[in-house]
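Chemist: Need a 3D model of the following:
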Amino acid sequence: MAKPTTIKIRLNSTAGTGFFYVTKKNPRNLTEKLVMRKYDPVAKKHVDFKEGKIK
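Modeler: Numbers count the residues shown, from 1 in each chain. Presented below is the predicted three-dimensional model:
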């Protein structure tokens, strides 16, 4: 079987709350680290989420 083209990544909150989202990314198209602005329910506001590894 072939490897899947998309990999799972973890989007960690930059607010320091420890909250994270899990999403998929195609590393062939997006070679740089992903940064998204999403809602952090612990901080109760929109903050930047940066890509990290799933342990």
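
Chemist: From now on I want contacts and neighbour counts done on CA atoms only, so please keep to that.
Modeler: OK.

Chemist: those strands in this structure, which residues are they?
Modeler: 7-13, 20-25, 35-40, 45-52 (DSSP state E).

Chemist: got the angle between the last one and strand 7-13?
Modeler: Between the direction of strand 45-52 and that of strand 7-13, the angle (axes from the mean of the first three to the mean of the last three CA atoms, to 10 degrees) works out to 140 degrees.

Chemist: The strands of the chain: which one's closest to residue 1?
Modeler: Smallest distance to residue 1 across those (CA to CA): 15.8 Å, for strand 7-13.

Chemist: Centre-most residue in this protein?
Modeler: residue 11 (2.3 Å; CA atoms, centre = their mean).

Chemist: Tell me the spacing between that residue and residue 36.
Modeler: 8 Å (CA to CA, to the nearest Å).

Chemist: Give me the common contacts of those two.
Modeler: Common neighbours of residue 11 and residue 36, using CA atoms under 8 Å, 6 or more residues apart in numbering, are 49-50.

Chemist: tell me the contacts of the closest residue to residue 13 other than its chain neighbours?
Modeler: In space, and not counting its chain neighbours, residue 13 is closest to residue 49: 4.6 Å by CA to CA, 6 or more residues apart in numbering. By CA under 8 Å, 6+ apart, the contact set of residue 49 is 11-14, 20, 35-38.

Chemist: Same check on residue 46?
Modeler: For residue 46, counting by CA under 8 Å, 6+ apart, the contacting residues are 37-40.

Chemist: wait, what's in contact with the closest residue to it other than its chain neighbours?
Modeler: Leaving aside its chain neighbours, residue 46 sits nearest to residue 39 (4.2 Å; criterion: CA to CA, 6+ apart). Residues near residue 39 by CA under 8 Å, 6+ apart: 45-47.

Chemist: same check, this time on residue 29
Modeler: So residue 29 contacts nothing (CA under 8 Å, 6+ apart).
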